[in-house]
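**Q** Here's my sequence, what's the structure:
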Amino acid sequence: MIQQDYLHDGERLDDLQRNGYRIIQNPEKFCFGMDAVLLSSFAKLTKGQRVLDLGTGTGILPLLLCAKTQAASYEALEIQEESADMARRSIAYNHLEDKIHVTTGDIRNTSEIYGKQSFDAVVTNPPYMTDTHGLKNPDMPKAIARHEVLCTLEDVIRESAAVLKPKRSFFMVHRPFRLAEIMQTMSKYHLEPKRMCLVHPYIDKEPNMVLIEGVKDGRSRITVEPPIIVYKSPNVYTDQLLKLYGYQ
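**A** Numbers count the residues shown, from 1 in each chain. Below is the predicted model of the structure:
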């Protein structure tokens with residue numbers, strides 16, 4: 001099919017700068033951000049692994065991870081059918097149907113959908129804001145992506161732990177202001193924090209993202225990696241960030 005056959009009204013096809021892959025997005029709804037790109041570089045996946053992406057949106061993480069790793073297959077769970085449909089069309093456009101499968105479903109029911117201890121790794125870019133924190137976006141798709149309208153941090157961590165095999169990894173990007181809650185909740189569900197990296201917009205600014213890896217039933221020891229600095233001057237990325245994006 002030609003490119004236009006994959007697109008609905010208001011949608012566009014964006015180049016991911018990886019393996020020639022492209023993603024379908026609607027700028028009036030929700031487009032992926034830097035957090036997904038950074039998480040795809042932070043996640044350490046190995047050959048043959050079965051991976052789950054919780055809250056896949058339009059499928060950005062499985063697409064990037066397909067380009068960057070040798071994991072065998074990806075399951076992607078998304079509650080909004082419109083986003084799940086866009087993800088499926090992007091997967092078809094890139095001819096990745098044999099590697100990525102999208103399910104429309106609720107994160108709170110993840111272990112019922114897939115079964116317990118069924119994955120080698122879980123990746124997730126969940127809503128950052130609590131249901132009462134900040135001003136909700138009046139556009140529901142964006143509100144669901146950014147606020148805990150349909151699931152909480154605890155839901156994400158609980159279900160990730162349930163579907164992970166012992167000694168396997170959980171990778172998440174979130175906000176530093178919730179770091180104490182993140183650590184406490186991970187420990188509650190036996191996802192031992194093992195790696196952490198803070199992301200700063202500028203070298204002299206406080207971090208606005210945190211990348212974290214936990215291991216199910218892992219031993220207590222965490223490595224804090226060197227921070228990622230995004231900009232060296234307004235609208236100019238650092239060499240470090242360009243390398244993560246694949247431009248160097």
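**Q** State which helix of this protein is the longest.
**A** As assigned by DSSP state H, the longest helix anywhere in the chain is helix 81-93.
**Q** residue ranges with poor pLDDT in this structure?
**A** For the chain, the stretches flagged by pLDDT under 70 are 1-4, 128-150, 247-248.
**Q** Now with 90, please.
**A** For the chain, the stretches with pLDDT under 90 are 1-10, 17-19, 27-33, 127-151, 242-248.
**Q** what are the ranges of the helices in it?
**A** Using DSSP H, helices in the chain cover 34-42, 60-68, 81-93, 110-114, 140-146, 153-163, 179-188, 239-245.
**Q** tell me which residues in the longest helix of the chain are buried?
**A** Under the neighbour-count criterion of 16 or more other C-beta atoms under 10 Å, helix 81-93 has 83-91, 93 buried. For the C-beta atoms, the positions are set from N, CA and C on the backbone; glycine is no exception.
**Q** With stretch 33-44 instead?
**A** Neighbour count says stretch 33-44 has 34-43 buried, by 16+ other C-beta under 10 Å.
**Q** can I get the residues you listed in TSV with distance to Leu64?
**A** As requested, these are arranged in TSV below (distance: C-beta to C-beta, whole Å):
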residue	distance to Leu64
Met34	12
Asp35	12
Ala36	7
Val37	7
Leu38	10
Leu39	9
Ser40	4
Ser41	8
Phe42	11
Ala43	9
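**Q** quick one: which of these is nearest to Ile222?
**A** Minimum distance to Ile222 across the buried residues of stretch 33-44 is 14.3 Å, recorded for Phe42 (C-beta to C-beta).
**Q** dump the residue contacts of the closest one.
**A** By C-beta atoms under 8 Å, 6 or more residues apart in numbering, the contact set of Phe42 is 171, 173, 195, 197, 211, 213.
**Q** Grab the two from those residues that are most spread out in space.
**A** Val173 and Arg195 (12.4 Å).
**Q** Neighbour count: the two, which is higher?
**A** A count of neighbours by other C-beta atoms under 10 Å puts Val173 above the other of Val173 and Arg195, at 26 against 17.
**Q** ok, the more buried one to Met34 distance?
**A** 9 Å (C-beta to C-beta, to the nearest Å).
**Q** Also Leu164?
**A** Counting by C-beta to C-beta, the gap from Leu164 to Met34 is 26 Å.
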